[in-house]
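Enquirer: Mind looking at a prediction? Sequence and model below.
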Amino acid sequence: MMIRIICFFAKICNRLHIKGDGEEIMATIRDVAKLAGVSVATVSRVLNKNGYVNNKTEEKVLKAIAQLNYEPNAVARGLAGKQTGTIALILPDIANPFFPEMARGVEDVAQAYGYTVILCNSDDQGHKEKSYIEMLKKKYIDGIIFASNTLGQADVEQMRRNNIPLVVLDRAPTRQLCSVIRSQNYEGARLAVRHLLEMGCRKIAHIYGPQELITAKKRLLGYEESVKHFPWYTPSLMVPGHFRVDGGLRAVKELFEKHPDIDGIFCGNDLMAIGALKGLYQLGVRVPEDVALIGFDGIGLTEITQPELSTVAQPIYEMGSLAAKVLIETIETGVTEPRLYELEVALVARDSTKRRTEA
C-alpha cells in the first residue's frame with residue numbers, strides 16, 4: 001500500500017487560474033510574453049533571475065505578470081532550476097512503529113529546509129519498490145531516502161547513473177555506493193546479551209531478523225560473539241522471527257520445544273519481542289521470573305506491554321532527521337561522496353529483565 005501524503009505530480013506547465021466572464025481561464029507564460037511584447041525565453045529569465053534582462057524590459061514583464069495575475073507552476077520552475085523542492089522517502093512497512101517515527105524526523109527537517117516529502121510504502125516487495133523508483137525518476141524529484149529491505153546494488157548503481165541523490169537509512173546494500181545512516185547494531189546486540197548475563201541468565205537464545213539485511217546480520221553476529229564461548233551455546237538457540245510479531249510468537253514456541261531450560265531471550269527487534277512475550281504467556285512461562293526478555297529498537301509499544309519490555313534503543317527520530325540533512329546537502333552542493341554514519345544505541349532496562357541475579 002502507499003500512504004498518499006501529497007498529490008504532487010501535476011501537469012508540468014507554467015500557468016495559473018484567472019477570472020474572465022465568470023469562468024476560469026488559464027494564463028500561460030506565452031500569454032505573459034505576448035502581453036509584454038517579449039519572448040518566452042525573456043519571461044523565463046525574469047522569473048528565474050537567470051541571465052541579463054534590461055530594467056525597462058523587466059518592468060514590462062512584471063507588469064504583464066501582475067495584470068494577468070500569473071504565477072508560475074512550482075514544478076515547472078523547478079525544472080528550469082534543476083530542483084523541485086521535493087524528496088521521496090521509501091519505507092518497507094509503515095505498520096512497523098519504527099518507521100513512522102523515522103519518517104517524522106525526515107519530514108521535520110525537510111520542512112525546515114523548504115522541501116516537501118512524498119512517502120511510499122513498499123510492503124517489503126521488491127517489484128513495488130522498483131515501480132516507485134521508475135515513477136519517481138519520471139516525476140522530477142530532487143532525491144530519495146530509502147529505508148528498504150529489498151534495495152539492491154543494481155538499484156543504487158542505476159540511480160547513480162541517473163544522477164539521483166540517494167541516502168539509505170538503516171538497511172544498506174553490501175557495497176556502499178551512497179551515504180548510509182544506521183545505528184551500532186553489533187554493539188547493541190552485545191549490550192543486550194551482556195545485560196541478560198548480568199541479570200543472571202545462564203542460557204540465552206536469540207530470535208533474529210532476515211539475514212539479507214545488514215542490521216539483522218550484525219545483531220545476530222553480536223549475539224554469537226557474546227555467547228559462543230559458553231558450554232551451553234549451540235546454533236539451535238538461534239531461530240528466525242522475520243522482524244514480525246507473529247514471527248516472534250512462533251519462534252519462542254520453537255525454542256522451548258528444543259530448549260525448555262532457556263532463561264533469557266534476545267530478540268533482534270521489538271516487534272519480535274512483543275510476539276515472544278505473548279508466546280511465553282501462552283506457554284505459561286513467567287517474564288522475567290522464568291525468562292528475561294529484551295528487544296531492539298526502542299519503539300513506543302515497549303512501554304505499554306505487561307511487563308514493560310527492556311530494549312536497546314536506537315535514536316530513531318535522529319536517524320531520520322540526519323538522513324534528510326545529508327540528502328538535502330547532497331542536492332544543494334552536488335557533492336556525492338558516500339559517507340557512513342553509525343549512531344550510538346542505549347540500553348533501556350525495564351521490568352521484562354528485572355529478575356533475581358544469581359552467582
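Expert: Perfect, I can see it now. Numbering: from 1, shown residues only.

Enquirer: doesn't Ala88 make contact with Tyr115?
Expert: No - taking contacts as CB atoms under 8 Å, Tyr115 lies outside contact range of Ala88: 10.6 Å. For the C-beta atoms, the positions are set from N, CA and C on the backbone; glycine is no exception.

Enquirer: where along the stretch 151-300 of the chain do the helices fall?
Expert: 153-161, 185-198, 214-227, 245-258, 270-283 (DSSP state H, counting those that start in this stretch).

Enquirer: show me where pLDDT drops low in the stretch 51-200 of the chain?
Expert: Along the stretch 51-200 of the chain, the model assigns pLDDT under 70 to residues 51, 72-83, 124-126, 129, 137-139, 149-153, 171-176.

Enquirer: And the stretch 251-359 of the chain, by the same measure?
Expert: Along the stretch 251-359 of the chain, the model assigns pLDDT under 70 to residues 356-359.

Enquirer: again, 50 this time
Expert: 358-359 (pLDDT under 50).

Enquirer: close enough to count as contact, Phe266 and Lys203?
Expert: No - the criterion here is CB under 8 Å, and Phe266 misses it with Lys203 at 11.9 Å.

Enquirer: neighbour count winner among those two?
Expert: Phe266 (34 against 18; other CB atoms under 10 Å).

Enquirer: From Leu309, how far off is the more buried one?
Expert: Remark: distance between Phe266 and Leu309 (CB to CB, to the nearest Å) = 12 Å.

Enquirer: shared neighbours, the two?
Expert: Ile294 (CB atoms under 8 Å, 6 or more residues apart in numbering).

Enquirer: Could you dump the helices of the stretch 151-300 of the chain into a markdown table and include mean neighbour count?
Expert: Output for the helices of the stretch 151-300 of the chain, formatted as a markdown table (neighbours: other CB atoms under 10 Å):
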| stretch | mean neighbour count |
| --- | --- |
| helix 153-161 | 15 |
| helix 185-198 | 21 |
| helix 214-227 | 21 |
| helix 245-258 | 20 |
| helix 270-283 | 24 |
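
Enquirer: Serialize these to TSV and add fields for distance to Leu35.
Expert: Supplementary listing: these in TSV, determined by distance: least, CB to CB, whole Å:
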stretch	distance to Leu35
helix 153-161	42
helix 185-198	62
helix 214-227	59
helix 245-258	63
helix 270-283	61
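
Enquirer: quick one, which of those is nearest to Val167?
Expert: Taking CB to CB, helix 153-161 is the member of the helices of the stretch 151-300 of the chain nearest to Val167, at 10.9 Å.

Enquirer: starting at the chain centroid, how far to the closest one?
Expert: 18 Å (CA atoms, centre = their mean, to the nearest Å).

Enquirer: for the helices of the stretch 151-300 of the chain, which one sits closest to Asp297?
Expert: Proximity to Asp297, assessed across the helices of the stretch 151-300 of the chain by CB to CB, is greatest for helix 270-283 (4.4 Å).

Enquirer: Let's verify the residue nearest to Asp142 when sequence neighbours are not counted: helix, strand, or coil?
Expert: Counting by CB to CB, 6 or more residues apart in numbering, Ile331 is the residue found nearest to Asp142 once chain neighbours are left out, at 4.8 Å. Under DSSP: H, G, I helix; E, B strand; the rest coil, Ile331 falls in the helix class.

Enquirer: any idea how far Ile331 is from Gly222?
Expert: From Ile331 over to Gly222 (counting by CB to CB), the distance is 35 Å.

Enquirer: cool, Thr42 as well?
Expert: 63 Å.

Enquirer: what's the answer for Phe230, then?
Expert: Counting by CB to CB, the gap from Phe230 to Gly222 is 15 Å.

Enquirer: and if you look at Asp93?
Expert: Distance from Asp93 to Gly222, counting by CB to CB: 23 Å.

Enquirer: The residue nearest to Ile274 when sequence neighbours are not counted: what's it in contact with?
Expert: Using CB to CB, 6+ apart and skipping residues adjacent in sequence, the residue nearest Ile274 is Val245, 5.5 Å away. Shown in contact with Val245 (CB under 8 Å, 6+ apart): Leu271, Met272, Ile274, Gly275, Lys278.

Enquirer: Just put the residues you listed in JSON lines and tack on distance to Ser183.
Expert: JSON lines is the format used below for these (distance: CB to CB, whole Å):
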{"residue": "Leu271", "distance to Ser183": "16"}
{"residue": "Met272", "distance to Ser183": "17"}
{"residue": "Ile274", "distance to Ser183": "20"}
{"residue": "Gly275", "distance to Ser183": "22"}
{"residue": "Lys278", "distance to Ser183": "26"}
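
Enquirer: I'd like to know which of these is nearest to Leu322.
Expert: Ranked by distance to Leu322 (CB to CB), those are led by Leu271 at 23.3 Å.

Enquirer: close enough to count as contact, that closest one and His242?
Expert: No - using CB under 8 Å, Leu271 is not in contact with His242, being 9.4 Å away.

Enquirer: Can you spell out which helices and strands pack onto whichever strand or helix holds Ser44?
Expert: Assigned by DSSP states H and E, Ser44 belongs to helix 40-48. Using 3 or more CB pairs under 8 Å, 6 or more residues apart in numbering; DSSP states H and E, the elements in contact with helix 40-48 are helix 29-36, helix 55-68, helix 74-81.
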